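Trainee: generate coordinates for the sequence data below:
(chains A and B)
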Amino acid sequence: MLSEFEQDLLKELGNIGSGHAATALSTLLAKPVSITVSSAEMEPITYLPERVGGPERHVASVLLELGGDINGMILILFPVDDAERMVASLIGGTFSFQTADELGQSAWEEIGNIMSGAYARALGDWLDTPITIQVPATAVDMAGSIVEFVVTSVQPEEDAALYIDTTFRIDEKVSAGHVLFLPTHGSLERIKQRLIGHG
Amino acid sequence: MAEVLKIGIAEWKQTTAPNKLRTAGLGSCVGVILYDVRLQVAAMAHVMLPDSAIARKHQTVEVGKYADTAIEALVASLKRAGAGRLQAKMAGGAQMFQFKYENEAMRIGERNAEAVRNALKAHRIPLIAEDCGGHNGRTIEFDVATCVLSIRTVSVGTKEI
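Mentor: Have a look, this model is predicted:
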């Protein structure tokens, strides 16, 4: 588990990442966007499905793999309705994942791309280390299925993940988003060391 | 009154008819059920990883978490309850994301399903039906009285095996 000091550092990281993500999203959507971090914690993986709205909650997600100095993944989850609204405001008109047309689908990928990229860049700047990223993957399904897939792919030997709770305000509408940062075991240790070094 | 017992990630539970066993939001994990038709007793595990050898040395092994230890625990517990001829059904082991460059770790769902099949073979338990793989999450519910496993996905709806 994290100490209070480490928890504060994690929350600060969440804030910086959210600031970058809000700016990028605001530019893309041409609308005012703010993202605030309500909590940042280390959560046991068995609790994660509950934390993101319950295992069966229908969510839209973006998964970004990190490489270079820090290995792991960043997962961003939104309630499906909110994600659809974001896509609709980007392409104009309406959008549903069920009838996902190509334009809407690539718009959603672009939203995911810039948001997850913003968090990754914030992490790299903050740690002063180069982080390489791949093209993110997206999935729309049950929250529990998505979270457990990510947890088991990244860090099967770990029992906890870094979890950042956020609130998105887009166009005055409020949406609860969840950002999970899952470093591999070695990378988590490296992050802690560097943080303590920077003090 | 029939009860629905909920099984979380890495957990396992056993019950008798008319109760049901349920686990929600299976992704790469596998839900496996062992049951005795005659005795109307069943146990379900929500298996997360293929092999308990992956657990770090100082860790206490959660038996429901790994395919090998979960099947062992289910068999032992059902035998204690007097079960004779065991049969199995399973579902899950999906690949939730599709990547351009996949590594071995991302095929975890496939490996989980294979590990459960192997563990069943080792215990000589016939696998009566399965619904594994694909790219969809699943919620499953096993009715101990009828031995029917219903499987719900977001995109396809509900089916029974």
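
Trainee: give me the nearest residue to residue 96, chain neighbours excluded.
Mentor: I'll assume chain A. Setting aside the residues directly before and after it, residue A:96 is nearest to residue A:84 in space (C-beta to C-beta, 6 or more residues apart in numbering or on different chains), at 6.0 Å. All C-beta spots, glycine's among them, are computed from the backbone N, C-alpha and C.

Trainee: actually chain B
Mentor: Counting by C-beta to C-beta, 6+ apart, residue A:149 is the residue found nearest to residue B:96 once chain neighbours are left out, at 3.9 Å.

Trainee: chain center to the helix or strand containing that neighbour, what's the gap?
Mentor: When secondary structure is defined by DSSP states H and E, residue A:149 falls within helix A:143-154. How far helix A:143-154 lies from its chain's middle: 13 Å, per C-alpha atoms, centre = their mean, to the nearest Å.

Trainee: other SSEs contacting it?
Mentor: In terms of contacts (3 or more C-beta pairs under 8 Å, 6 or more residues apart in numbering or on different chains; DSSP states H and E), helix A:143-154 is packed against helix A:48-51, strand A:58-68, strand A:72-79, strand A:173-183, strand B:20-26, helix B:108-122.

Trainee: for residue B:32, what are its contacts?
Mentor: Neighbour list for residue B:32: B:44-45, B:47, B:67, B:70-71, B:74, B:88-90, B:116, B:120 [criterion: C-beta atoms under 8 Å, 6 or more residues apart in numbering or on different chains].

Trainee: so for it, what's the pLDDT?
Mentor: Predicted confidence (pLDDT) for residue B:32: 98.

Trainee: what pairs with it across the strands?
Mentor: residue B:45, residue B:90 (DSSP bridges).

Trainee: hmm, the worst-scoring helix or strand of chain B on mean pLDDT touching chain A?
Mentor: Sorting the helices and strands of chain B by mean pLDDT, DSSP states H and E puts strand B:157-160 at the bottom, at a mean of 92. No - using C-beta under 8 Å from any C-beta of the partner chain, strand B:157-160 stays clear of chain A, with a minimum separation of 12.4 Å.

Trainee: the helix or strand that residue A:38 is a member of pairs with which strands, parallel or anti?
Mentor: Assigned by DSSP H and E, residue A:38 belongs to strand A:33-44. On the basis of DSSP bridges, the sheet neighbours of strand A:33-44 come out as strand A:160-170 (antiparallel).

Trainee: what's the offset of the partner strand from the middle of its chain?
Mentor: So, by C-alpha atoms, centre = their mean, the centroid of strand A:160-170 is 7 Å from its chain's centroid.

Trainee: what parts of chain A come near chain B?
Mentor: Contact residues, chain A versus chain B (C-beta under 8 Å from any C-beta): A:45-46, A:49, A:54-56, A:58, A:63, A:65, A:134-135, A:137-150, A:152-154, A:156-157, A:159.

Trainee: hmm, which of these are the buried ones?
Mentor: A:45-46, A:49, A:55-56, A:63, A:65, A:137-150, A:152-154, A:156, A:159 (16 or more other C-beta atoms under 10 Å in any protein chain shown).
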